[in-house]
Structure formats: structure tokens, C-alpha cells
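Student: One predicted model, sequence on top.
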Amino acid sequence: MDEIIIEHLTKRYGERLILNDINLTFDSNEGLIILLGASGSGKSTFFNCLCGFDTFEGRIMFNNNENQETNNVSMMFQNFELFDYLTVFENIKFGLINKNVKTEDKKKLIDENLKLFNIEKLKDHKVSTLSGGEKQRVALVKAIISNPHVLLCDEPTGSLDERNSEEVFGFLKNEATKRLVIVITHNQRLAKKYGDSIYELKNQQITLKNQKKFICSSKNQKSLETKKIWSCLKYFGLKNFACKLLMILILAFSYLSLFFVSSISTFCNSDFDLQHQQYGDYNILKIDAIDESDNNLAIVKPSRLSESEIKINIGTDKYKLDFSFEKTFADASIYLDDKKNDNIRLLPMDNNEIQDFSLVTLNDLAHTLIANKKITLKCQKKIIYHGEKQNLQEEIKIDTVLKINKVIKEPLFLNDPIIYYSYQAAKKFFNSVQLTKFKSYFGKNISFYDTLNLVNCSTYTESLLIFTEKLETKKIYQNLNDKKLSMTRKISVQSRAITSATSLAELLHSFEQMLIVFKIMAIICTIFITFLLFINNLHAFTKEIGIMKTTLIKHKVIENSFLYEFIIFEIIALIISLLVKNSLFNVVEQISIKTLNLNLVLDYQIISLQSIELCVFILILLVMCKLTLKKFLCKETIYYLRNSI
């Protein structure tokens, strides 16, 4: 025997009293129970309390069990509560979601019940195409298909004609022999004809008006088991598709932001050896000793270090020394088609392969500026020597048409248009320039290059250049800078390549800080927008949640259905971001090379830092969704059901 025991049931909406201290017992021995009452008297509210859709004072026990989650109660609503976008068969099949029934047996069971109500021809019709009477019958079949212990029917014949209403009440009369059936109706005639126990809700109380003698048949009620969560998900996969797709895309964008910013950070914090090697003069260091005069102005002037001083402090033998031509070319001019250009710099390059001084290498900026113009180098240089017997002065002139040997790519940030000449070819050229006055004075051939080592000569002020091997430049640069204080004289060590690469690193580091701020904002915005979309998705399924609760699906199953769906969204978004990541990174690298000549190497692997950030981000979203689900299922769904039943 199934029974409902109601003790001190009281329900209020604010200050309005709906049900007042009701004490009743309904059992299956009473037959078909009819509940009458005027509109607005609280009949639907009473059903809501029985089903656990609304809060109340007092207690309700089903077969001595007070836990609403485990009570086997099915309810048929007066507004049907069907899925309009599903077929009749799919709607009724949803009523079996908690039953472990084979697919073939489900089909057979559904077909039998459809035939019982003469709606078997509507099996494959969408519910949205049915009439009110047809929807009423489908709702009734859906309510009893799961074989519940208790069946609650709210106006089951409200949309049916007289003949069909008789059939429905006849069916409910028969069902009352198998289970506890309570029906709300306004049809006094059918209530008297088919009702075995007639109750009336009036003045916040339920009283028994009439009761017939009824003999209950025995039954073998099977216990219901919780269906797998995936059975719920497959019914609603495509509903609210736009919101779900937007949620997935936003999550994928956030994951890409995490990957990209982490990769940029890795690049910015990496060694810049590869970056400074992009410059044409990357393996050339300029070194000077700095002496201060004794006057109050403390005028700083450069002087030359001895090779022994350099050798002691350089920390390696993998280098060679030679003279710079920087001051020689200080007054040189570059002409493009006979028009002087002051924006192009002239710098040396370590290149033994080129022996012709007129063959030069351009960087991208210079090549763009020069295009197909004729390049001419013009230079006049006075050499002055203060000898013991006499002073010498001689002038050399350079007027050479330069030919482009090749073009190299250098980072465009913080760079200038540069023409690189081969240092070895320039040395050969200056060795070939003989000074006649110097020959007469010294009694031997003296070239312009030889004057660079004459102490009393004006060219002696040229700096020394350290030519290093490919991977030694930065090491030597750091060694010399670290040992400045240990040397007897102050020194100046300069590397255009290392200085430019360091400035570029600082610029990228600032960019990295901006990206980190962007990442934080992106994560915050994602959490906020995802929360709104998740709430929107839940609201879109409020009706479905209400129907699931009336289809004997446990609260935990409903909650996990939406949580698992969100986890699926997370996985899909992660897969999308991983698929897009490599292509996106490749595009960014190509853009950095083509537009900036920056060898941007991004990390394609999900390293530990990214994994930790990703896990924390996903955990925050899951906790947020979990808490939202608990609150929503406890309040919003009840509110909806309270106003829809």
C-alpha cells in the first residue's frame, strides 16, 4: 500500500496564508482521489508541496520516507510541460530516463500506451504541431509511463472534449487500482462519477466530502534507479545552441590568451644571443680606455688600451684585435643618385670572403631607402703627424661607387639604415693608400693603415675593435664589463648589436607586462561573461528542469547534467584552442619576421606554468558553475514551477 502522510502542513506567500495546518493521510486503498476547490484556493500550491517544488512548514512523508529526492511521484501539469521541439515519442521516452529498460522494450511500452490513448499516429509528430487535447494525452502517457508510486494530475481533462474526458477518467480509475492517484478537477460530474474519495480545499483546509467503498488490487512496484546523466544531456544538446557556442568560443579565446601570453613571456625572458646575432656587426666590439684630464671640467677623452691589458681581462683567446675606421669615416658622405643622404650609417662587418671595398651589404631599412639608386661614398681625410723635426700633413680622398653584394634582415625596432663594408676589404684598401710625404720623412713606404699605429699621428685616436667568434661576443662583452673596476684604467666597451638587442628586450618586456594585464582582464571578463551565459543557459532550460523534476529525476542528477555539459564545453574549447594555437603562433611569427624582422620564437608546448594557470582557471569556472547550479535549482526552478503549474 502506498500512502502520503501530511502533518501540520502550512504554506504562506509573504503574509498571505494559502494552507493552514493541514493534517491528512492519503493511501492507495482510497481508490481515485479527487481534489476539488475554487480557482486560486491553493490546489496547485498543495501539489507543489507534495512534489517538493515549493517550501513549506510541517512535513510530508511518502511511505514513511520524508526525503523528497527518493519519493517516486509523477505529476501531470495542466499546461502539459512538454518539450515542443521534440517528437511525441521522444517526450514520452524521456519519462523512462530513470528506468533500466532496453531500447526495444521502451519502444514497445511506449507504443502500447500511445495506442491506449488513441494517439499512436502522432508518434513522430513534433509536440509544437499538436492540439491542446493531443498534448493533454501525451502528457498523461508521459506521467504514467515510468510506473510511479504516486500520480498527481492537475486538470488532466482541461483541454479535452466530453468523450475523451470520459476515457481519461476511466483510465485514471483503472490506474488507481495500481497506485495512489490524486486528481485536481473542476468537473463536478466526472468527479462524482469516477472519484472514490472526494476532498475539497476551502478556507486553507482540506476536508473529505465523500468516499466510496474501494478494493485495491495488489501490485508489484519495481524500484526506480537513477539513469546516467548522459541520457538527460542528449535531449537538450542543440537547444540554446547560440549561447552554448558563444560560451565555447569565449572559453577558447581565454585559453589562447593564456597560451600566447605565457609563450611571449618565455620568449622575452630567454637569452638574446640569437637576437643580437641578427645584426650585421654582431661579433664586433669597440673598446677604448678613458682618461680624465686634471682640470676642473674633467674632460673625458678616449685613449688606446694595450693588447696585454685586453688579453688579461678578456677571459678567452678566441678573438683578434684591429683598428677601427670609425673616425676616418666620420666625415664620409653617402650620395644616392648624386644626392647626399645623412640618414644612412656606414659600419664594418667581419667578412673575409669579400676583398673588394666597393662591395657592400645592406640591411632591410637601407635597401628600402636606396631602392635602385646609385650609391657613392665620398670622403676626405687629413692626416697630421707631429714629428721631432717637422710636422707632416697629407690628405686622402675616397670617391667610390658602392655595389650591393647582398641584403640582410635585421630587427626594424630601434635600428637605422646601414651600409656594411667588409672590414678586411677596407683594411686592404687603406693599406694600398700610400702617403708620399710620410715616405720621404720615414724613408719607407707608409700607408694610411700604418698611420693608425703612429702615436703622434691624428689617426692614432681610432678605437680598437675586438673581432670575436660567433658565440663568444656576449661572453667577452660581459667579461670586460665585469672587470672594469679591476683594470688600472676605466674602459668603454660598446656593441651596437648587444645594445640594440637589449633595448629591444626591454621594449618587449614592457609589451609583456601589458600582455599580462590583458591576460588578467581577459580571464576576469571570461569568468564574468561565462557566468552570465551559464545563467542564460540555465534560464533557457528552466522548463526542462521542472519537467525533469516531475519525471522522478533526482536533484543531483539534474545538477550534474548541467555540470557535465559545462565540462564538455571546457574540453571542446580546450581542443579548439590547441588546434588553433599552432596556426596562430605560426602566423604571429611570420608577421613578426615580415613586418619587424624579429625572430619571434614562441613556445608551442603546454609547459608547467601554462598547465597550472589553466587548471586554476578551469577550477574557478567549475566551482562558480557548481555554486550557481545549487542556488538556481533551489530557487529559480521552484519559482518557475510555482507560477506555471
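Tutor: Looks like it arrived, so ask away.
Student: which stretches of the stretch 301-450 of the chain have low pLDDT?
Tutor: Per-residue confidence of the stretch 301-450 of the chain (counting by pLDDT under 70) places the weak regions at 301-303, 315.
Student: how does it look with 80?
Tutor: Along the stretch 301-450 of the chain, the parts satisfying pLDDT under 80 run over 301-318, 411-414.
Student: Quick one: the strands in it, in order.
Tutor: Counting by DSSP state E, counting those that start in this stretch, the stretch 301-450 of the chain forms strands over residues 319-323, 333-336, 339-341, 345-349, 359-363, 375-386, 391-408, 418-422, given from the N-terminal end onward.
Student: Would you mind giving these as JSON lines with mean neighbour count added?
Tutor: Quick note: C-beta positions are derived from backbone N, CA and C, even for glycine. Formatted as JSON lines, the entries for the strands of the stretch 301-450 of the chain read as follows, by neighbours: other CB atoms under 10 Å:
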{"stretch": "strand 319-323", "mean neighbour count": "16"}
{"stretch": "strand 333-336", "mean neighbour count": "18"}
{"stretch": "strand 339-341", "mean neighbour count": "12"}
{"stretch": "strand 345-349", "mean neighbour count": "21"}
{"stretch": "strand 359-363", "mean neighbour count": "23"}
{"stretch": "strand 375-386", "mean neighbour count": "17"}
{"stretch": "strand 391-408", "mean neighbour count": "14"}
{"stretch": "strand 418-422", "mean neighbour count": "24"}
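Student: Where is the longest helix in the chain?
Tutor: Criterion DSSP state H: the longest helix present in the chain is helix 496-540.
Student: now it and strand 345-349, what's the angle there?
Tutor: 100 degrees (axes from the mean of the first three to the mean of the last three CA atoms, to 10 degrees).
Student: what angle do helix 496-540 and strand 418-422 make?
Tutor: Angle of helix 496-540 versus strand 418-422, following the same axes, to 10 degrees, is 140 degrees.
Student: Reformat the strands of the stretch 301-450 of the chain as JSON lines; add distance to V168.
Tutor: As requested, those are exported to JSON lines (distance: least, CB to CB, whole Å):
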{"stretch": "strand 319-323", "distance to V168": "102"}
{"stretch": "strand 333-336", "distance to V168": "98"}
{"stretch": "strand 339-341", "distance to V168": "98"}
{"stretch": "strand 345-349", "distance to V168": "96"}
{"stretch": "strand 359-363", "distance to V168": "89"}
{"stretch": "strand 375-386", "distance to V168": "100"}
{"stretch": "strand 391-408", "distance to V168": "89"}
{"stretch": "strand 418-422", "distance to V168": "93"}
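Student: if we can go back for a sec, show me what the longest helix of the chain is packed up against.
Tutor: Other elements packing on helix 496-540 under the criterion 3 or more CB pairs under 8 Å, 6 or more residues apart in numbering; DSSP states H and E are helix 241-268, helix 273-276, helix 473-482, helix 555-596, helix 608-644.
Student: need the least confident one among these, by mean pLDDT.
Tutor: Set side by side, those give their lowest mean pLDDT on helix 273-276, at a mean of 60.
Student: Past that helix, which element shows up next along the chain?
Tutor: Using DSSP states H and E, the next helix or strand after helix 273-276 towards the C-terminus is strand 284-292.
Student: Dump that following strand to PDB, restricted to CA.
Tutor: Listed next in PDB are the C-alpha coordinates belonging to strand 284-292 (Å, rounded to 0.1, in the frame of the first residue of the first chain):
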ATOM      1  CA  ILE A 284      82.500  43.200 -33.300                       C
ATOM      2  CA  LEU A 285      83.200  45.000 -30.000                       C
ATOM      3  CA  LYS A 286      84.700  48.500 -29.800                       C
ATOM      4  CA  ILE A 287      86.900  49.100 -26.800                       C
ATOM      5  CA  ASP A 288      88.500  52.300 -25.500                       C
ATOM      6  CA  ALA A 289      90.400  53.400 -22.400                       C
ATOM      7  CA  ILE A 290      89.000  56.500 -20.800                       C
ATOM      8  CA  ASP A 291      91.400  59.000 -19.200                       C
ATOM      9  CA  GLU A 292      90.300  62.100 -17.400                       C
END
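Student: Specify the angle between that strand and helix 473-482 in degrees.
Tutor: The directions of strand 284-292 and helix 473-482 differ by 10 degrees, with the same axes, to 10 degrees as the criterion.
Student: right, so of the helices and strands packed on helix 496-540, which gets closest to F26?
Tutor: F26 lies closest, by CB to CB, to one member of these: helix 608-644, at 20.9 Å.
Student: any idea how far the residue nearest to the spatial centre of the chain is from I535?
Tutor: Nearest to the mean C-alpha position of the chain, by CA atoms, centre = their mean, lies S254 at 1.7 Å. Separation of S254 from I535 (CB to CB, to the nearest Å): 18 Å.
Student: cool, and F528?
Tutor: Note on F528: its distance to I535, by CB to CB, is 11 Å.
Student: Settle it for me: which of those two has more neighbours?
Tutor: Residue environment comparison for F528 versus I535 gives the larger neighbour count to I535, 14 against 11, counting by other CB atoms under 10 Å.
Student: State the distance from the more buried one to I571.
Tutor: Between I535 and I571 the distance is 21 Å, computed by CB to CB.
Student: Show me the protein divided up by domain.
Tutor: The chain breaks down by automatic domain parsing into domains covering 3-225, 241-274+504-644, 281-495.
Student: Quick one: distance of the longest one to the chain centre.
Tutor: Using CA atoms, centre = their mean, to the nearest Å, we find the averaged C-alpha position of domain 3-225 to lie 47 Å away from the chain's own average C-alpha position.
Student: One more: stretch 444-462?
Tutor: 65 Å.
Student: Stretch 334-344 too?
Tutor: Distance of stretch 334-344 from its chain centroid, counting by CA atoms, centre = their mean, is 51 Å.
Student: Also stretch 438-449?
Tutor: The chain centroid and the centroid of stretch 438-449 are separated by 73 Å under CA atoms, centre = their mean.
Student: For that stretch, report the contacting residues that lie outside it.
Tutor: The set of residues that contact stretch 438-449 without belonging to it, under CB atoms under 8 Å, 6 or more residues apart in numbering, is 323, 381, 383, 385, 387, 389-390, 392, 394, 396, 427, 430-435, 450-451, 459.
Student: before we move on, what about stretch 378-395?
Tutor: In contact with stretch 378-395 (CB under 8 Å, 6+ apart) are residues 328-329, 331-333, 335, 396-399, 435-438, 441, 448, 451, 454, 456-459.
Student: among those residues, which are in helices?
Tutor: By the criterion of DSSP H, membership of the contacts of stretch 378-395 in helices covers T436, K437, F438, Y441, F448, T451.
Student: farthest-separated two in those residues?
Tutor: Using CB to CB, the two most remote members of the ones in helices among the contacts of stretch 378-395 are Y441 and F448, lying 14.8 Å apart.
Student: ok, these two, which is more surrounded?
Tutor: The neighbour count for Y441 versus F448, taken as other CB under 10 Å, is higher for F448 (21 against 16).
Student: how close does the more buried one sit to L346?
Tutor: Using CB to CB, one obtains 17 Å as the distance from F448 to L346.
Student: same deal with G58?
Tutor: In this structure, G58 and L346 are 97 Å apart, going by CB to CB.
Student: before we move on, what about F617?
Tutor: Using CB to CB, one gets 53 Å for the distance from F617 to L346.
Student: F53 too?
Tutor: Computed with CB to CB, the distance linking F53 and L346 is 86 Å.
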